[in-house]
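In: Have a look at this prediction, sequence included:
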Amino acid sequence: MGAASCAMLLLLALSVCAQPGTGLPPRHMDSVVQIVEALEASEPGFTVPELARALGGCGTPGCRAVLGEPPDVPAAPPALPGEQWLLFTQLLRRDDDAAPEGGAVLAPDGSTVALGPLFAGIEVGLKRATGCPTPPIEPPIDALYAVTIAEALGTSFLLARGADGHQATLGPAGCWDDVDDPQNYTLLGPPSPIPDAIAIGAMDGVLLGAQLAREPIPLAELLRGYYGTGNGTEKGRPPSSYRRRDFGVLTGPGKLEEEVVAMLRVLRELPPTQELLENVGPEEMVAIARQAARDFTEVYVECPAIVPRCMWGARPYRGTPKPLTLPLGSIYIHHTFSPSDPCRTFATCARAMRAMQRFHQDTRGWDDIGYSFVVGSDGYLYQGRGWHWVGAHTKGYNSKGYGVGYVGDFSATLPDPDTIALVRDELLPCAVRTGRLHHNYTLRGHRQLGHTDCPGNSLFHEIETWHGFK
C-alpha cells in the first residue's frame, strides 16, 4: 500500500469549540473529540498522527525511529479557527524546555491525559489496521509499546540509576486551575520523565491502538466512546475509568519488561542515545527494565487511582494537621449515609466531597473532611486527609488507622462489585505493599467502635468476609 493511500486511510484531525469570552478553548478531551469530528468530515491533505509528529508530539529518538522522521509542519488547516490551531500546536509542540506534561488535557472521568503518547499509539494501531508498515527496527520491538511507554519508562529508570536514590522515576499527579474551563495544569511535586499525565496517555495509547488494530472505526467515535463526553456529567462509568484494569489484562509486567529491554537495546544503537547506554551491559539493562516494569505496574495498575484534593476543590485545612506514624495497624470502613446515593461521575463525586467537607468543617467544627479516603462509584478514590495525616473518622482511633468512607447509604444495598473491589482488592493490598499499613492489619466497621449503624447493615455484612476483619 502506498504512502498516499495510507494517508487517506489514516485520516484524522482535531478541532475544538472556543468558549465565548475566553482566549483558547478549554484543555478538555471534549475539545479534542470535537476537533477530530470536524476534521474527519473535511478533506485535509494530512492526517492527525502525521500532524502530531510534525508539531513534535513524537519527538524522541525512539519514537522517530519507529514512526519515521516527522513531516514538515503544514499551514494552519482552513477548517480550524486560529485559536483552535494555536491550542493544537501548544498541546503537541515539544520543546527542550517544555514540561513533559504540557500537552495534557482533562478527560471527563477526571483523569489527565497527555496527547503525545495517546496519538502515537493511535497511529500505530491505524497503520496496523490499514496495512501501512512502520520502518523495520533492529532488534525487533513492538511498535505500539515503543512509542507510548517503553522508551519513556526505560529512559526514566536509566537516568535514575546513577542518582542518589531521590530522583523521581514516576509521577507526580497534578491539578487543573478550573475543571470546568481547564487551561493550566500544575504538578504536585518534583517531576519525573513520566508524570501521571504521560503514564495515563501511554496506557490509553496502548489500549486504543490495540482496539483500532482489531477494529478500525472513525476516531471521533473511538474517543467519544472511550472517554465519554460532557466533563463527567453523563451517567455511568466510561471505559477510560477501567484503564488500569484493562492495561493490566492486555500487558502484564512480563510483557512490559520485555518491551522496555527491547527499547533500551534500540536506544543503544541510535546516535542521539548511544552515549547514555555505552556503559550499560546486558544484565544491567534487564535489571533496569525489570525494576521499571515492576514499579510502573504497582503504581499504575495494581494500586488504585486517587483523585487529589485540589482536583475535587477542597478547602484548605484549618489549623495544623497531625502526622500519622506509619505503618498503621487498622482500617475502619464507613459509609457517608448522606449523600445517600452513590456518586458515579467525577463531577458528582467532587460535588459530594465538597459538601462533606463543608459539613465537617462548618457544622461539626472539624479542621477538615474527616475521612482519610472516600470511595466513589466512578472507579476512583478521593483524597481526604490522605496517607499521612490524622483524620476525624473513628473517635478514639483516628491515629491508629485509616478511615475509608463509601459514598452512599448502604444499609439495605451494596456498592457495585467494582466499587467493593476498589478497596478490598486494590487499596488495601497497595497500602501494605507501600509500607503504609501493616501486613497483619485489622479491619473493622465503624459500628464496632462507636454508637452508630455505620457502615450500614449490607456493607457491614460484606466486610465481615474481607481479609483482616475482626
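Out: It's in.

In: for whichever strand or helix holds Arg290, which positions count as buried?
Out: In this structure, Arg290 sits in helix 282-297 according to DSSP states H and E. For helix 282-297, a neighbour-count test (16 or more other Cβ atoms under 10 Å) marks 285, 288-293, 295-297 as buried. C-beta here means a position set from N, CA and C on the backbone, and glycine is covered the same way.

In: Please apply the same query to stretch 109-125.
Out: 109-125.

In: Now do the domain split for this structure, please.
Out: 3-302, 310-463 (automatic domain parsing).

In: hey, where'd the strands end up in the stretch 151-300 of the chain?
Out: For the stretch 151-300 of the chain, the strands defined by DSSP state E, counting those that start in this stretch occupy 174-176, 185-187.

In: What distance do you get for the residue nearest to the spatial centre of the chain to Gly403?
Out: Closest residue to the average C-alpha location of the chain: Ile200 at 3.6 Å, with Cα atoms, centre = their mean. Going from Ile200 to Gly403 by Cβ to Cβ, to the nearest Å gives 28 Å.

In: Also His438?
Out: 16 Å.

In: burial of Val33, as a residue count?
Out: 25 (other Cβ atoms under 10 Å).

In: What confidence value was assigned to it?
Out: Val33 carries a pLDDT value of 86.

In: give me the low-pLDDT residue ranges for the stretch 51-200 of the chain?
Out: 94-102, 162-166 (pLDDT under 70).

In: Who are the contact partners of Leu326?
Out: By Cβ atoms under 8 Å, 6 or more residues apart in numbering, Leu326 lies in contact with 387-388, 435-436.

In: Dump the domains of the chain to JSON lines, plus distance to Phe469.
Out: Converted to JSON lines, the domains of the chain look like this (distance: least, Cβ to Cβ, whole Å):
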{"stretch": "domain 3-302", "distance to Phe469": "22"}
{"stretch": "domain 310-463", "distance to Phe469": "5"}
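
In: didn't Gly236 look like it was pressed against Arg344?
Out: Yes - if you go by Cβ atoms under 8 Å, Gly236 and Arg344 touch, sitting 6.2 Å apart.

In: Looking at these two now, which is surrounded by more residues?
Out: Arg344 (21 against 10).

In: Dump stretch 64-84 to CSV, restricted to CA.
Out: Output in CSV follows, covering the C-alpha atoms of stretch 64-84 (Å, rounded to 0.1, in the frame of the first residue of the first chain):
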residue,chain,number,x,y,z
ARG,A,64,11.2,8.9,15.5
ALA,A,65,13.0,5.6,14.8
VAL,A,66,9.7,3.7,14.9
LEU,A,67,7.3,6.0,13.1
GLY,A,68,9.8,7.8,10.9
GLU,A,69,11.0,11.4,10.7
PRO,A,70,8.2,13.9,11.1
PRO,A,71,6.8,15.7,8.1
ASP,A,72,7.1,19.4,7.7
VAL,A,73,4.6,21.5,9.6
PRO,A,74,1.7,22.4,7.3
ALA,A,75,-0.1,25.7,7.2
ALA,A,76,-3.0,26.2,9.6
PRO,A,77,-5.9,23.9,8.4
PRO,A,78,-8.7,26.1,6.9
ALA,A,79,-11.2,24.0,8.9
LEU,A,80,-9.8,25.4,12.2
PRO,A,81,-10.1,28.9,13.5
GLY,A,82,-6.9,30.5,14.7
GLU,A,83,-7.4,29.9,18.4
GLN,A,84,-8.1,26.2,17.8
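
In: chain center to that stretch, what's the gap?
Out: Taking Cα atoms, centre = their mean, to the nearest Å, one finds stretch 64-84 lying 26 Å from the centre of the chain it belongs to.

In: Now do the buried residues in it.
Out: Taking 16+ other Cβ under 10 Å as the criterion, stretch 64-84 shows 64-67, 70, 77, 79-81, 84 as buried.

In: Can I get those residues in CSV including secondary structure and distance to Arg161?
Out: Output for the buried residues of stretch 64-84, formatted as CSV (DSSP: H, G, I helix; E, B strand; the rest coil; distance: Cβ to Cβ, whole Å):
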residue, secondary structure, distance to Arg161
Arg64, helix, 24
Ala65, helix, 22
Val66, helix, 24
Leu67, helix, 27
Pro70, coil, 30
Pro77, coil, 43
Ala79, coil, 47
Leu80, coil, 43
Pro81, coil, 47
Gln84, helix, 42
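
In: quick one, what contacts the residue nearest to the centre of the chain?
Out: 111-114, 243, 300.

In: how near is it to Leu170?
Out: For Ile200, the distance to Leu170 - Cβ to Cβ - is 12 Å.

In: Residues in contact with both of those two, list them for me.
Out: Tyr300.

In: just checking, Thr60 touches Glu151?
Out: Yes - contact criterion Cβ under 8 Å: Thr60 and Glu151 qualify, at 5.8 Å.

In: Which one's more surrounded, these two?
Out: It is Glu151, of Thr60 and Glu151, that has more neighbours when counted by other Cβ under 10 Å, with 29 against 21.
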